[in-house]
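Engineer: need the 3D shape of this:
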Amino acid sequence: MPPDNRVLFIHPRCYRPYGRTGQVPMGIIGLMNDLPFPKTGVFAQHLRPGDLDGARVVVMDVHWYFALTNAIDLAHRIKKQKPGIVIIVGGYTATIYAEELLAAAPIDYVLTGDAEGIFRELISNLLEGGSVRHLPNLRWRGGQSGALYTTTPEDYDRLDYYTIDWFPSLNRIAQYLQQRNPYPTFIYPFVPVFKGCISACLNCYGTPANQLALCKRPRVTRGSAAVRRDLDRLSADRQIRLAYMVTDFAAFENRDYVTAALDGRFELDLLYEFCHVPQLETVELFKQAFRRLHVVLSTLRNHAEPRLAPDFSRLPEVIQAFANGRNTITLLINTNLGKEIADYSEKTLQIWRTFPRAEILDAGIINIAVPAPELPDRQRQTEFQNFLLKSRRRSPIGYMVRERMVRFMFTRASTTCVLRKMHTVQNLIQCFFSRLMDGVKRNLRHEPVGRNAIK
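Structural biologist: Numbering: from 1, shown residues only. Down below sits the predicted model:
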């Protein structure tokens, strides 16, 4: 094997909410752990010229569109320093804009759709000088492979989503957060259960339609034994105190599956997002399986659709069932419901007052527009330019102000008229701070990634 035989993974810099504290897509951890070659992971803001020494392949994720600008910038700088290196980009946004990314940056290959069963062979062939253009899901400048690969439950089950010693900075962040055990920060570790979803939330890649468009398949679910195996592994790890499940498999899978996956007592705290108001039997199952629960309960239909949940009236009893000891509860709301805001906000206030220790999370903040798949060429190219513009650095101040205002309004609002206009005020404040910070940092739009970064 040639001297340059290392694989370097770079997570591009993103602005809030994805990237502020180092959130990396869980899939790339599994893919990198499947490689039997020397590998290193680094955040773009920590990248130094010496990191490219010995690297023959660079892998970057463009999962969220926030990474577009930095990924393109990084590709130019990396190729300038080391022209012979191979750059591979993957992720949902990269899948949608494969043609545009190949035209905008010196990227060698875009791996589209699913990758669990082909990533290892792709990297192996590149390191050993073999051919790769016969592999499925691959695009390059001026061409693409005609074959299609879709993830199988077997490929999804076998990957290791938790070993991160090859990614030193993520490892340090994860250890620090696990030792402090703060309120969940959505960093590590995530326990994957399925790819895709049955809910049709706005602005989500997991919807049935988007999964078919992006990956050419329906939802893929891991076996309950694999989920249980992962929970046992994390429970036995003394450094892991908190795990994440952000896919509500309890609502989508049958009772036997849920019971088999959670059969036992795990020495873990768990953050879990319920897309639908759960049954009390499900609540008890989760309470028995974990030490402490951080649960997100949606007041909205199908998790985040801008409509009131049909079983909204059961929320008080579910909240009371969770409200024991050290469990924490977050209510997912939406202040942008238009005509329904008056009735909705009054009902939500009543629910919240029954358990005032609950946190409030506004879906109007977290539901950020995502690129749409399968657009006509001209429209897709226009959308790419729009999202490229949006992916430039943004100040988090506007977002923070809006979050604080949601909490303030819910603690002090006595009439719904305040809530009815709240989102308008929030948007104005957010816009003001974004414009202000953009003006101050205009000269930093093409800033180097790190103090001694590649130039």
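Engineer: residues in contact with whatever helix or strand Val57 lives in?
Structural biologist: Applying DSSP states H and E as the criterion places Val57 in strand 55-61. The contact list for strand 55-61, computed with C-beta atoms under 8 Å, 6 or more residues apart in numbering, reads 2, 4-12, 24-25, 28, 32, 40, 52, 67, 71, 74-75, 78, 82, 85-91, 94, 123, 126-127. Where you see a C-beta, it was placed from the backbone N, CA and C, and this is true even at glycine.
Engineer: do stretch 214-232 as well
Structural biologist: 92, 95-96, 112-114, 148, 150-153, 156-157, 161-162, 191-198, 205, 208, 211-212, 243, 249, 253, 257-258, 260-264, 266, 268, 373.
Engineer: let's see that stretch as PDB, backbone CA atoms only.
Structural biologist: The C-alpha coordinates for stretch 214-232 follow below in PDB (Å, rounded to 0.1, in the frame of the first residue of the first chain):
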ATOM      1  CA  LEU A 214     -33.300  10.400  -2.000                       C
ATOM      2  CA  CYS A 215     -32.600   6.800  -1.300                       C
ATOM      3  CA  LYS A 216     -35.100   5.000  -3.600                       C
ATOM      4  CA  ARG A 217     -36.500   2.900  -0.700                       C
ATOM      5  CA  PRO A 218     -39.000   2.900   2.100                       C
ATOM      6  CA  ARG A 219     -38.100   3.000   5.800                       C
ATOM      7  CA  VAL A 220     -35.500   0.600   7.000                       C
ATOM      8  CA  THR A 221     -35.600  -0.700  10.600                       C
ATOM      9  CA  ARG A 222     -32.900  -2.300  12.600                       C
ATOM     10  CA  GLY A 223     -33.700  -5.500  14.400                       C
ATOM     11  CA  SER A 224     -34.800  -5.200  18.100                       C
ATOM     12  CA  ALA A 225     -31.900  -7.400  19.100                       C
ATOM     13  CA  ALA A 226     -29.400  -4.900  17.600                       C
ATOM     14  CA  VAL A 227     -31.000  -2.000  19.400                       C
ATOM     15  CA  ARG A 228     -30.900  -3.900  22.700                       C
ATOM     16  CA  ARG A 229     -27.300  -4.900  22.000                       C
ATOM     17  CA  ASP A 230     -26.400  -1.200  21.600                       C
ATOM     18  CA  LEU A 231     -28.200  -0.200  24.800                       C
ATOM     19  CA  ASP A 232     -26.400  -3.000  26.700                       C
END
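Engineer: related to what we said a few turns ago, among the contacts of stretch 214-232, which ones are buried?
Structural biologist: Burial by neighbour count, 16 or more other C-beta atoms under 10 Å: within those this picks out 92, 95-96, 112-114, 150-151, 156-157, 161-162, 191-197, 205, 211, 243, 249, 253, 257-258, 261-262, 266, 268, 373.
Engineer: check the gap between Gly84 and Ile78 for me.
Structural biologist: According to C-beta to C-beta, to the nearest Å, Gly84 stands 11 Å off from Ile78.
Engineer: those two - which one has more neighbours?
Structural biologist: Ile78 (24 against 7; other C-beta atoms under 10 Å).
Engineer: Asp114 versus that one, what's the distance?
Structural biologist: Distance, Ile78 to Asp114, by C-beta to C-beta: 26 Å.
Engineer: follow-up on the earlier one: can you list the strands that the strand holding Val57 pairs with?
Structural biologist: Sheet pairing here is set by DSSP bridges, and for strand 55-61 it gives strand 6-11 (parallel), strand 86-90 (parallel).
Engineer: after it, which helix or strand is next?
Structural biologist: By DSSP H and E, the next helix or strand past strand 55-61 is helix 68-81.
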